[in-house]
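S.K.: structure for this input, please:
(one chain, ligands or ions: 2)
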Amino acid sequence: MSSSFKSNDHAVQSIDAEGNFPISVEDMESAAKQAMPAPAFSYIASGAGGEDTARKNTDAFKKYSIIPRLLNDVSNLDTSITMLGRIYPNPFLLAPIGVLKLADEQGDLAVARAAANSNVPFIQSTVSSYSIENIAQAASGSSKWFQLYWAKDEEISFNMVKRAEDAGYEAIVLTIDTITLGYREKDLYHRFSPLAQGYGQGNFESDPVFLSKLEEIHSRTIVESIVDNINYPALDWEHVKELKRRTSLPILLKGILHPEDALRAIRYGVDGIIVSNHGGRQLDGVISSIDALPEIVKVVDGQIPILFDSGVRRGIDALKVLAFGADAVLLGRPYVYSLAAGGEKGVERFLANFLQDFQTSMMLSGVKNIEELRQMKIVNM
Ligand SMILES: Cc1cc2nc3c(=O)[nH]c(=O)nc-3n(C[C@H](O)[C@H](O)[C@H](O)COP(=O)(O)O)c2cc1C
Ligand SMILES: CCCCCCC(=O)C(=O)O
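M.R.: Ligands and ions are numbered 1, 2, ... in the order given. Predicted coordinates for the structure are as follows:
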């Protein structure tokens, strides 16, 4: 099976003449499937191994129920949160997702613009299709965070962090669960390698430190050099310490599932954690993110912010995450489907629908603000 194809540059046609756009995430996913070549869609949608964890991420939400409080005058909702010393208008961010050009020619630029127009911070991936500087320009004046895949050659990492600082990014997210790529059976079947089409190198191509290293090793292509650098099983807590020395930006660790690792993160002085299993794309068989969350909330006990991703598809899912005591929620695959289905406008439509769904869920749960939401009763039945 071939894995060569063009990126999706016809996306905007999925919003029809009347401006209709899929509302449910299932319909957005179907629209994305139609708009994209099969190997690319499969790379985005699938998980590692037999995909049990990917399935569990969404299924596990269904077993939890909230018990609403009523007669609480919810006519003035406040969805804002204060986190890491800043006020954010709502408790959502867009998860870092690499190689977005697979979904739409404008990739991260389209997402960053849509996120800025929707007042939702965008977390840019290390393996983005466009550079930090271009993305910063596309979403100037709005909140952006940078996700770091640690490079074996540390100077490359430190220079990327510096570029993010210079471009006005507000935080560094160090992803710790991708020291090597998960065993993804569908990608293996399609002979699909995420970086091979050249859509995940925008950030590296414009990095003088990376380019100077490349010149030293003439035999390596850009893609080979990126893969070799970010495949880094040697990553450990000493690297976290080093990163802290190198930046004054807040550092969050993404991929925490064990309460002891959450506590260790606090001991190492990180500013926040993201409870995540990478959407079930790394190790099949790990706990679903939502099942991991309550114990982590308990041990962290408010010392640092807890963010969450993996499996959030609707407003009510986000509501459950916050009711368990998390501070904010990252949205992942749904925005990529909306990008593939409708480009920048598609992402805007998805975010508008998601925020409306969330606010409706808040009102009907009888909570006026996120602090009240975090105190809500949630049960496993
Ligand atoms: C196509 C794709 C690419 C991703 N790329 C990255 C990445 O570059 N860096 C990262 O930290 N996480 C990456 N992730 C993981 C997401 O940040 C997030 O953890 C995951 O999508 C959450 O699961 P959900 O989308 O099912 O909600 C990627 C996920 C997908 C689907
Ligand atoms: C060789 C590493 C590519 C990482 C691609 C992005 C990612 O995190 C994913 O889940 O896929």
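
S.K.: and the spatially most central residue of the chain, what does it touch?
M.R.: Among the residues of the chain, the one closest to the centroid is residue 95, at 1.5 Å (CA atoms, centre = their mean). Contact analysis of residue 95 by CB atoms under 8 Å, 6 or more residues apart in numbering lists 123, 309, 330, 331, 332. From N, CA and C alone the C-beta is placed, and that goes for glycine too.

S.K.: angles on the backbone of the fourth one, please.
M.R.: So that's residue 331. phi -100, psi 130 (degrees, to the nearest 10).

S.K.: highest neighbour count among the contacts of residue 95?
M.R.: residue 309 (28 neighbours; other CB atoms under 10 Å).

S.K.: related to what we said a few turns ago, closest one to ligand 1 out of the contacts of residue 95, please.
M.R.: residue 332 (2.3 Å; CB to the nearest ligand atom).

S.K.: which ones among the contacts of residue 95 are found in strands?
M.R.: Of those, the ones assigned to strands by DSSP state E are 123, 330, 331.

S.K.: all strands for the stretch 251-381 of the chain, in order.
M.R.: Along the stretch 251-381 of the chain, the segments classed as strands by DSSP state E, counting those that start in this stretch run 251-256, 272-275, 306-308, 328-331, 377-380.

S.K.: want to throw the ones you listed into CSV with distance to residue 85 and mean pLDDT?
M.R.: Formatted as CSV, these follow (distance: least, CB to CB, whole Å; pLDDT from 0 to 100):
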stretch, distance to residue 85, mean pLDDT
strand 251-256, 13, 99
strand 272-275, 11, 99
strand 306-308, 15, 99
strand 328-331, 14, 99
strand 377-380, 28, 98
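
S.K.: closest to ligand 2 among the ones in strands among the contacts of residue 95?
M.R.: Closest to ligand 2, out of all of these and judged by CB to the nearest ligand atom, is residue 123, at 12.0 Å.

S.K.: check contacts around that closest one.
M.R.: Counting by CB under 8 Å, 6+ apart, residue 123 has contacts 93, 94, 95, 96, 144, 145, 146, 147, 173, 330.

S.K.: compare those residues and tell me which is most surrounded.
M.R.: residue 146 (29 neighbours).

S.K.: which residue packs closest to it, ignoring adjacent ones?
M.R.: Among residues not flanking residue 146 along the chain, residue 164 sits closest, at 3.8 Å (CB to CB, 6 or more residues apart in numbering).

S.K.: equivalent analysis for residue 88, please.
M.R.: Nearest non-adjacent residue to residue 88, counting by CB to CB, 6+ apart: residue 81, 5.3 Å away.

S.K.: for that neighbour, what are phi and psi?
M.R.: phi -130, psi 160.

S.K.: residues of stretch 232-251 that come out buried?
M.R.: Across stretch 232-251, burial judged by 16 or more other CB atoms under 10 Å covers 232, 235, 239, 240, 243, 244, 246, 247, 249, 250, 251.

S.K.: ok, so of the residues you listed, who is nearest ligand 2?
M.R.: Closest to ligand 2, out of all of those and judged by CB to the nearest ligand atom, is residue 232, at 10.2 Å.
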